[in-house]
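Visitor: Sharing a model prediction with you, sequence too.
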There are 2 protein chains.
Amino acid sequence: MIDVEGLKKVVGEDWVITQRDQMQTYLYDETTPHQRLEPAENVVVVKPATAEEVSEILKLANRDKTPVYPRGAGTGLVCGAMPTQDGIVVSMERFDKVEEVDRENLMVVAEAGVTLAQLLEAVDEADLLFPPHPGDEGAQVGGMIAANAGGSRAVKYGVVRQYVKGLEVVLPTGEIVTMGGKLLKNNTGLDLMHLLIDSEGILGIITKATMRLYPKFSGTATLVVSYDDRHKAINTVPKILQSGVIPMAIEYVDHHVITMSAENLGMKWPANNGTGHLILILAGANEDDVYFQAETMSEVCQANGAVDVLIAERQQEQADILKIRSEVYSAMKAHISGDSDITVPPATLGKMLDSLDEIAKKYDTKISTIAHAGDGNFHPYMLKELAERGLMEEVKEEIYKAAIALGGVVTGEHGVGKIRLKYLDYMLDAKQEELMRGIKTLFDPNNILNPGTAIR
Amino acid sequence: MIDVEGLKKVVGEDWVITQRDQMQTYLYDETTPHQRLEPAENVVVVKPATAEEVSEILKLANRDKTPVYPRGAGTGLVCGAMPTQDGIVVSMERFDKVEEVDRENLMVVAEAGVTLAQLLEAVDEADLLFPPHPGDEGAQVGGMIAANAGGSRAVKYGVVRQYVKGLEVVLPTGEIVTMGGKLLKNNTGLDLMHLLIDSEGILGIITKATMRLYPKFSGTATLVVSYDDRHKAINTVPKILQSGVIPMAIEYVDHHVITMSAENLGMKWPANNGTGHLILILAGANEDDVYFQAETMSEVCQANGAVDVLIAERQQEQADILKIRSEVYSAMKAHISGDSDITVPPATLGKMLDSLDEIAKKYDTKISTIAHAGDGNFHPYMLKELAERGLMEEVKEEIYKAAIALGGVVTGEHGVGKIRLKYLDYMLDAKQEELMRGIKTLFDPNNILNPGTAIR
């Protein structure tokens, strides 16, 4: 039994949804239908506005041992935010304030429900930069941190973890705690903040974050480098990483995938040649610097078989390329049964691509792919027909095993969520899983927070 | 009772020291005598060579509930590695192999006892770069990770945490576990690896690490910028951070402190003007880039009151400056009673310096300082006479409180160790301390590993 009256007392009647037809968008995330679990039958959605309200909700749920599902924008791909047992969905959408863009300390303080788009806009207005760009700009700050989102633009300065300097978190037992601050160094005891990052909403509900910003780069350019052979494109990536120039992003895209995304948006992909492209985002202190970087990149790519190099310098042109790249999943979703975010050591990118080709051949299918190639992070797409032939799970498992054989992991950025628990065995020994369970119990003795997620 | 015979069976007789006069160097670290604790009376030093031997030692200690003190090079400043209860010191000095410098993946795999000097040399030979430079090059890899060392050169790419991608760890209960790998992204379950980083040797003994490398920068330069007024120097730092150029390091040094270090090494500090200096380490993809950066830095500094800018471009000249800076503590140690590593939001550096001046005036003493200024990280030095007047602890506490009032922390890089437990209250609420204790118990049910360190 969910204490609906209690919830209404905490957040006010207007912020509690009990009618099923009004909560459909809160029951799912962006996981493909073929991989998706079913939401539970008895779900209540609440929309608190303060950490204190979140605390009251958790105390109430903890008292009743009611499952609680913290929810950002629901852009996840592993059912991480889906309510799969009867319980309470806590939507963070009202935590929508960018509290401060601190130009002096180069830090932003944002509530958990602030979207990436909102964050980027606020930071841009202050003439500063938040470098990482986890694909979907609808994603919320709390979700990005709970999932340690990656995306493109992680090559030079890293994934979301590297930017988080402070957190306000409500623990499952109701305590509101703050960790870190506007600090670039902090070694105070065990680092609970780094444990909360990538905890997929099972240890606490993030309500606010302080994140590091950078000065805006005066010079930027985006290169689209085309190849006739996608293996040549992928094999160029380690050479780029070793060249001395560190791009903000090194993305790989199949030509037919990226053009689908462009069409889906009513836009035009700027490169016509080739079957695959590298997208390189360069940033420097001035135009000369970027010009030098672009020259170096162009040389490296041409020495490794590129057939065309397009350099976009105008802001709008660059933004369009990033937009088309970021929206690939929206275009692909209708055509695929499953996706993945395997990550391998960067020098084995070519071998991983070989494996994808071999697996595709073995199962007489096509495996399209895009990749945050600079991070060794592939997104292979399994077609719908594989699910229709009942082969999707088998193919996915082959892909996972191939990645692990190369020293890789099943998930570089999407996380474990609720649909990958069975693959944890591939990567973790029993002792580490035991420790993770122990930590969960320590934070959440009644296992109310996002049960069945991230750990077994 | 320590099972000396059991230990000898594990590592061989030659690698167990029981005679007190032969173990003096294993009983202390670099903490100043005025702040130092006393080592316990009954200590045995063992020197295992493999993770399996570490495992056997821990199983034996766990059986007997004997305290175990993992020890790197003993360069710590908070008694973190000191054996303060009767027990076993596990020296990692025989874990001295750089297993692999992987040029393709830009990763180094090193055993825990490899020193920073050894690591830098191996990486340099492969024409690659390990950016961070925690002061003392005698420090060992395991210790640097257990302490999440910072040092200079953390401004652009961060502290040691950001470089660690994989760990081999022996848990207090004897299990050997591996975490991560040659991976730039990894979101597999809760991140135990990031919990081990900065755990100060209380959760496990690190035996091996995989760390990220960068291509060597083709162009580097080191600027020594002199000021007549140290407040002007410090107040320049936020302006540098906002300029768009990101130096590898932004260090502040008092003139009399840095010249003492130079003299102590029989070297000569290159700048004669000013009472304080900023040291800026610049790195770029080519000489033009570095020249542009140096120009920009020079302009920013001069606009903020610098009286002299010296640009070192030759490798040896730059290495000398870094050497003199890195060895400051060796020179100061004889003259001071205590030091600190308070860290504040970067924009409050000037206010923190004001506070240091006020405190010095109040107690009629001099507080010299150096700072990893780009990180907001000060090292104020308390003179010996303060301890003689019985005021050292009081002054230290005033410094800590001033840092915390600015949104800072007591420790940015040295850690809590055994001498700062009482200051945890200043930064952590009771719940977070309870969670830290719970995690400790989970990993180490008999509390054998480095007891009395990092947490209460």
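Guide: Looks like it arrived, so ask away. Residues are numbered from 1 along each chain as shown, chains lettered A, B, ... in the order given.
Visitor: going forward, measure contacts and count neighbours with C-alpha atoms only.
Guide: Noted.
Visitor: now the residue in the stretch 351-456 of chain A that chain B sits nearest to, nearest residue through space, not along the chain?
Guide: In the stretch 351-456 of chain A, the residue that lies nearest chain B is A:Gly412 (4.2 Å; CA to the nearest CA). Here the nearest residue to A:Gly412 in space, its sequence neighbours aside, is B:Asn186; by CA to CA, 6 or more residues apart in numbering or on different chains that works out to 4.2 Å.
Visitor: Relative to A:Lys422, how far out is that neighbour?
Guide: B:Asn186 is 17 Å from A:Lys422, where distance means CA to CA, to the nearest Å.
Visitor: who's more crowded, those two?
Guide: A count of neighbours by other CA atoms under 10 Å in any protein chain shown puts B:Asn186 above the other of B:Asn186 and A:Lys422, at 28 against 11.
Visitor: The more buried one looks like it's in a strand, true?
Guide: No. Read with DSSP: H, G, I helix; E, B strand; the rest coil, B:Asn186 is coil and lies in no strand.
Visitor: and it, what does it touch?
Guide: Counting by CA atoms under 8 Å, 6 or more residues apart in numbering or on different chains, B:Asn186 makes contact with A:Thr343, A:Val409, A:Thr411, A:Gly412, A:Glu413, B:Gly180.
Visitor: Report the central residue of chain A.
Guide: For chain A, A:Ala149 is the residue whose C-alpha lies nearest the centre (CA atoms, centre = their mean; 3.5 Å).
Visitor: That one contacts A:Val160, correct?
Guide: Yes. In terms of CA atoms under 8 Å, A:Ala149 counts as a neighbour of A:Val160; the distance is 5.6 Å.
Visitor: List the buried residues for stretch A:311-327?
Guide: Judged by neighbour count using 16 or more other CA atoms under 10 Å in any protein chain shown, the buried positions of stretch A:311-327 are A:Ile311, A:Ala312, A:Glu313, A:Gln318, A:Asp320, A:Ile321, A:Leu322, A:Lys323, A:Ile324, A:Arg325, A:Ser326, A:Glu327.
Visitor: Run through the residues you listed and flag the ones next to chain B.
Guide: Contacts with chain B within the buried residues of stretch A:311-327, counted by CA under 8 Å from any CA of the partner chain: none were found.
Visitor: Out of these, which sit inside helices?
Guide: Counting by DSSP state H, the buried residues of stretch A:311-327 place A:Gln318, A:Asp320, A:Ile321, A:Leu322, A:Lys323, A:Ile324, A:Arg325, A:Ser326 in helices.
Visitor: export these to a markdown table and tack on distance to B:Glu287 and pLDDT?
Guide: Output for these, formatted as a markdown table (distance: CA to CA, whole Å; pLDDT from 0 to 100):
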| residue | distance to B:Glu287 | pLDDT |
| --- | --- | --- |
| A:Gln318 | 27 | 95 |
| A:Asp320 | 33 | 96 |
| A:Ile321 | 31 | 96 |
| A:Leu322 | 31 | 93 |
| A:Lys323 | 34 | 93 |
| A:Ile324 | 35 | 96 |
| A:Arg325 | 34 | 94 |
| A:Ser326 | 35 | 91 |
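Visitor: closest to chain B among these?
Guide: Distance to chain B across those (CA to the nearest CA) is lowest for A:Ser326, with 18.1 Å.
Visitor: residues in contact with that closest one?
Guide: A:Gly135, A:Asp136.
Visitor: What confidence value was assigned to the residue in the stretch 151-300 of chain A positioned nearest to chain B?
Guide: In the stretch 151-300 of chain A, no residue comes nearer to chain B than A:Asn186, which is 4.1 Å away by CA to the nearest CA. pLDDT for A:Asn186: 94.
Visitor: A:Ala360 contacts A:Thr369, correct?
Guide: No. Between A:Ala360 and A:Thr369 there is no contact under CA under 8 Å: 11.5 Å.
Visitor: which of these two has more neighbours?
Guide: Taking neighbours as other CA under 10 Å, A:Ala360 and A:Thr369 compare with A:Thr369 leading, 23 against 17.
Visitor: Regarding that one, which helix or strand does it belong to?
Guide: Element membership for A:Thr369, per DSSP states H and E: strand A:367-372.
Visitor: quick one: strands adjacent to that strand?
Guide: Partners of strand A:367-372 in the sheet, by DSSP bridges, are strand A:249-254 (antiparallel), strand A:377-383 (antiparallel).
Visitor: Can you lay out those as CSV showing distance to B:Lys97 and mean neighbour count?
Guide: Below are the strands paired with strand A:367-372 laid out as CSV (distance: least, CA to CA, whole Å; neighbours: other CA atoms under 10 Å in any protein chain shown):
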stretch, distance to B:Lys97, mean neighbour count
strand A:249-254, 33, 26
strand A:377-383, 30, 25
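Visitor: Out of those, which gets nearest to A:Arg20?
Guide: Closest to A:Arg20 of these is strand A:377-383 (CA to CA; 31.7 Å).
Visitor: Keeping just the C-alphas, turn that closest one into CSV.
Guide: Output of strand A:377-383 as CSV, limited to C-alpha atoms (Å, rounded to 0.1, in the frame of the first residue of the first chain):
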residue,chain,number,x,y,z
ASN,A,377,33.1,3.4,-26.7
PHE,A,378,31.0,1.7,-29.5
HIS,A,379,27.2,1.9,-29.9
PRO,A,380,26.4,-1.1,-32.2
TYR,A,381,22.8,-1.3,-33.3
MET,A,382,20.9,-4.6,-33.7
LEU,A,383,18.2,-4.5,-36.3
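Visitor: Any chance you could list what contacts it?
Guide: Contacts for strand A:377-383 (CA under 8 Å, 6+ apart): A:335-344, A:356, A:365-372, A:392, A:396, A:412, B:185.
Visitor: Buried only: go through those for me.
Guide: Neighbour counting by 16+ other CA under 10 Å classes A:336-344, A:356, A:366-372, A:392, A:396, A:412, B:185 among the contacts of strand A:377-383 as buried.
Visitor: What helix or strand is A:Ala454 located in?
Guide: For A:Ala454, there is no host helix or strand (DSSP H and E).
Visitor: Might you report the residue contacts of it?
Guide: Neighbour list for A:Ala454: A:80, A:199-200, A:202, A:415-418, A:420-421, B:188-190 [criterion: CA under 8 Å, 6+ apart].
Visitor: Next: A:Leu119.
Guide: So A:Leu119 contacts A:Val98, A:Ala110 (CA under 8 Å, 6+ apart).
Visitor: got a pLDDT number for it?
Guide: Reported pLDDT for A:Leu119: 98.
Visitor: Buried residues in the one helix or strand it maps to, which are they?
Guide: Element membership for A:Leu119, per DSSP H and E: helix A:116-125. Neighbour counts over helix A:116-125 (16+ other CA under 10 Å) mark A:Leu116, A:Gln118, A:Leu119, A:Leu120, A:Ala122, A:Val123 as buried.
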